[in-house]
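Chemist: what would the 3D arrangement of this be:
(2 chains)
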Amino acid sequence: MAQINMAQALNRALRDAMTDDPNVVVFGEDVGPYGGVFTVTDGLTAQFGEDRCFDSPLAESGIVGTAVGMAMYGMRPVVEMQFDAFAYPAFEQITSHVAKMRNRTRGKVALPMVIRIPYGGGIGGVEHHGDSSEAYYTHTPGLTVVTPGTTADAYSLLRAAIESPDPVIFMEPKSRYWTRADLQLPARTDPMNRAVVRRTGQDVTLISYGSTVQTCMETADAAKEEGWDVEVIDLRSLAPLDEDTVCASVRKTGRAVVVHESSVFSGYGAEVVATVTEKCFHWLEAPVLRVGGFDVPYPPKDLEEHQLPHPDRILDTIARLQWEDQ
Amino acid sequence: MKSIEASPELMLPGRKPIQLVDENGSAVGDLPDERVLRSLHRGMVLGRRFNRQATALTKQGRLAVYPSSVGQEACEVGATLALEDNDWLFPTYRDTVAVVTRGVPAAETLTLLRGNWHSGYDPYEHRVAPLCTPLSTNGPHAVGLAHAARLRGDSLAVLVFMGDGATSEGDAHEAFNFAAVFNAPVVFFIQNNQWAISVPLAKQSKAPTLAHKAIGYGMPGHHVDGNDAAAVYTVVSEALARARAGHGPSIVEGLTYRVDPHTNSDDTNRYRDPSDAEPWRASDPIIRFNRLLGVDESAYAEEADRMMAELRAEMNKDAHVDPDELFEHVYAEPTPRLRTQRAALRAELAADRGEA
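Modeler: Below you'll find the predicted structure:
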């Protein structure tokens, strides 16, 4: 076992994918000799050459559109959007072409490509460096959207995303890049389209993904003191949503809170709440609640602590789940 | 001979559009051989008939909409016939004549505009990307495919069509720049028909010509008489050969005119004087070739009649659509949610039919 962090696990995933499949190419802004602003592509150009890992001009729509053409020709491009908000110029290419090409061509043209997007706050970044943009993508049919909550999953999910026959939006929780774990790689975890129970509990289910999985684990520890036995689900795949795993848990506990960084209005949690309400209504002891960011533009560094979910706020929310009715 | 890289002024287009056959049908430059000239003539005559037939099909309710390229056939046919079998074509929605010229069956080409699916042909069979509606977004795709081919050591070039309006879009800029930086084997054919629906070229760009944009990216730009099929064919052929040989991308602007409305549902009287189109009707690309070759459209009338009869017969059949197919090509495998939705739609349709 070795101590490695999430950025290193992602780097190893790219390295192993490029070794196994000569069609895998990596490109984007600063991903070449520099190795990416989060070091995820560190050393790839040196190991595989400039034809396999290269810097592109600074233009996200061009990067994604170029990847579309490369995938049409049989390659498996993995492109990096440097930050969440920097991916917005590529939105038309992603929603009008990446997501639709298979459908438009009746399955004749598949686009096996991965768009890596570091997302979320918590790193004291300046404006435009802290957005949680996942719901823009999950709302688009044709896209697979995944996000790792653990270092082990970072490796495994990225390998699976690159192997997928469909385009994958791979969202990397940037506040967790330096989270270390004891890992022996290569090692695969669960299939890409499955949610996993990170911690079992009987009283309430916390449903989360990305950076807030760890926050929920910390909350579960603290909840013991309050007498609550908390179950934590890491969704991993946001589109498709593993409804079976979520519903099995909620039917057991009867209470659920969805936790994510992004603003709650029209956020991803709304979809989870709707699904749980529709499928688990008769098992629910209380309305399903959400803990997320306020409905404000992502705040500056000195205020972000108020925006991000934290254990106290999650515990307060758990406390509102109508326990007095029991 | 000075290299283009060493002499940026060589990237600039000439003072006048390149012309090999003038409006009177007289040769004014070195023409392609007779066989090519006849192919260009035939392609344009069949293309014109296709344009007319497709517009007629909209009036009969057999096509939802049709963006005509009447008057632009020298661009559509001249540029496309310059392609070799191994090359790729990335068309826009107005380039159905180019797609048919490439060999895609007419009815498959019209699927998008008929509305029974989005794209009706297999892009790999003919090396033709789907007709692209969002303007200039096909540019980066063409660059990517060309770059991938170059990385693999495959010898081919990619021809991508754009209109004058599309050059205002950000993706046109990004595609031009990526192509130049990657030295990708791409030819950007800007079909300047001078109208983006109701907005004239003067409100689209202040560039001396659209071909002048090329020097800003470090690639050659050529300004061509877009109603002269011989000039379009020759200049695009040279640009494609240059790309295949590893010398990088080019922009070729074909100056032409959108004689017809934007589509059958557009009314040009709301934004331009009918007399504006008259000079362009006079410089019609087919009339020019009739004069050059001493034969008129009737030389291909029988073939055109047969093709149009086949197209009409195909389009007059009710298109087969299958509601199940809605769910089939969203992902390689339908997700559980899509399977549930497919079952719900099946049940709804069964109930409509009075089945239990």
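Chemist: can I see the domain layout of the chain?
Modeler: Unless you meant another one, I'm taking chain A. According to automatic domain parsing, chain A is divided into the following domains: A:2-183, A:196-319.
Chemist: actually chain B
Modeler: Listed domain ranges for chain B are B:8-319, B:322-356 (source: automatic domain parsing).
Chemist: what is the neighbour count of the residue nearest to residue A:321 when sequence neighbours are not counted?
Modeler: Using CB to CB, 6 or more residues apart in numbering or on different chains and skipping the chain neighbours, the partner closest in space to residue A:321 is residue A:286 (4.0 Å). C-beta here means a position set from N, CA and C on the backbone, and glycine is covered the same way. The burial count assigned to residue A:286 is 16, neighbours taken as other CB atoms under 10 Å in any protein chain shown.
Chemist: now do the contacts for residue B:117.
Modeler: The contact partners of residue B:117, by CB atoms under 8 Å, 6 or more residues apart in numbering or on different chains, come to A:106, B:111, B:321, B:325.
Chemist: of all the domains of chain B, which lies closest to residue A:266?
Modeler: Residue A:266 lies closest to domain B:322-356 among the domains of chain B, at 18.8 Å (CB to CB).
Chemist: can you give me the buried ones in the closest one?
Modeler: Residues of domain B:322-356 classed as buried by neighbour count (16 or more other CB atoms under 10 Å in any protein chain shown): B:327, B:328, B:329, B:330, B:331, B:334, B:335, B:338, B:342.
Chemist: also near chain A: which of these, exactly?
Modeler: Checked against chain A using CB under 8 Å from any CB of the partner chain, the buried residues of domain B:322-356 give the following subset in range: B:328, B:329, B:330, B:331, B:335.
Chemist: just the pLDDT at the last one, thanks.
Modeler: In this case it means residue B:335. Residue B:335 is assigned 97 on the pLDDT scale.
Chemist: again, but for the fourth one
Modeler: pLDDT recorded at residue B:331 is 98.
Chemist: these two touch, right, it and residue A:143?
Modeler: No - under the contact definition of CB atoms under 8 Å, residue B:331 does not touch residue A:143, with a separation of 9.2 Å.
Chemist: list residues touching both of those two?
Modeler: Applying CB under 8 Å, 6+ apart, one finds that residue B:331 and residue A:143 are jointly contacted by residue A:166.
Chemist: for chain A, just list every one of the helices.
Modeler: Remark: helices of chain A, listed N- to C-terminal, are A:6-20, A:44-48, A:60-72, A:91-92, A:101-104, A:134-138, A:151-163, A:212-226, A:243-253, A:268-280, A:304-307, A:311-319; assignment by DSSP state H.
Chemist: try chain B
Modeler: When assigned using DSSP H, the helices of chain B occupy the ranges B:34-59, B:73-81, B:96-101, B:106-109, B:111-114, B:123-126, B:138-152, B:170-182, B:213-217, B:229-244, B:278-282, B:285-293, B:301-316, B:336-352.
Chemist: still on that earlier bit, wait, which of the buried residues of domain B:322-356 is closest to residue A:222?
Modeler: residue B:335 (35.7 Å).
Chemist: for chain A, give me the ranges with low pLDDT.
Modeler: Counting by pLDDT under 70, chain A contains low-confidence residues at A:325-326.
Chemist: related to what we said a few turns ago, shouldn't the residue nearest to residue A:321 be in contact with residue A:324?
Modeler: No - contact criterion CB under 8 Å: residue A:286 and residue A:324 do not qualify, at 10.2 Å.
Chemist: isn't residue A:155 right next to residue A:14, touching?
Modeler: No - with contact taken as CB under 8 Å, residue A:155 and residue A:14 are classed as non-touching, separated by 9.8 Å.
Chemist: residue numbers of the stretch 251-356 of chain B in contact with chain A?
Modeler: When proximity is defined as CB under 8 Å from any CB, the stretch 251-356 of chain B approaches chain A at B:325, B:328, B:329, B:330, B:331, B:332, B:335, B:336, B:337.
Chemist: is it true that the fourth one touches residue A:140?
Modeler: No - with contact defined as CB under 8 Å, residue B:330 does not count as touching residue A:140 (10.6 Å).
Chemist: so which bits of the stretch 101-250 of chain A are right by chain B?
Modeler: Contacts of the stretch 101-250 of chain A with chain B, taken as CB under 8 Å from any CB, map to A:101-110, A:141-142, A:144, A:164-166, A:193, A:240-241, A:243-244.
Chemist: could I have the PyMOL command that selects the buried members from those residues?
Modeler: Applied in PyMOL, the following selects the buried portion of those according to 16+ other CB under 10 Å:
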select buried, chain A and resi 101+102+103+104+105+106+107+108+109+110+141+142+144+164+166+193+240+241+243
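Chemist: neighbours around residue A:229, how many?
Modeler: Taking other CB under 10 Å as the criterion, the count of residues near residue A:229 is 14.
Chemist: now do the buried residues in stretch A:309-326.
Modeler: Counting neighbours by 16+ other CB under 10 Å, one finds that the buried residues in stretch A:309-326 are A:309, A:311, A:313, A:314, A:315, A:317, A:318, A:321.
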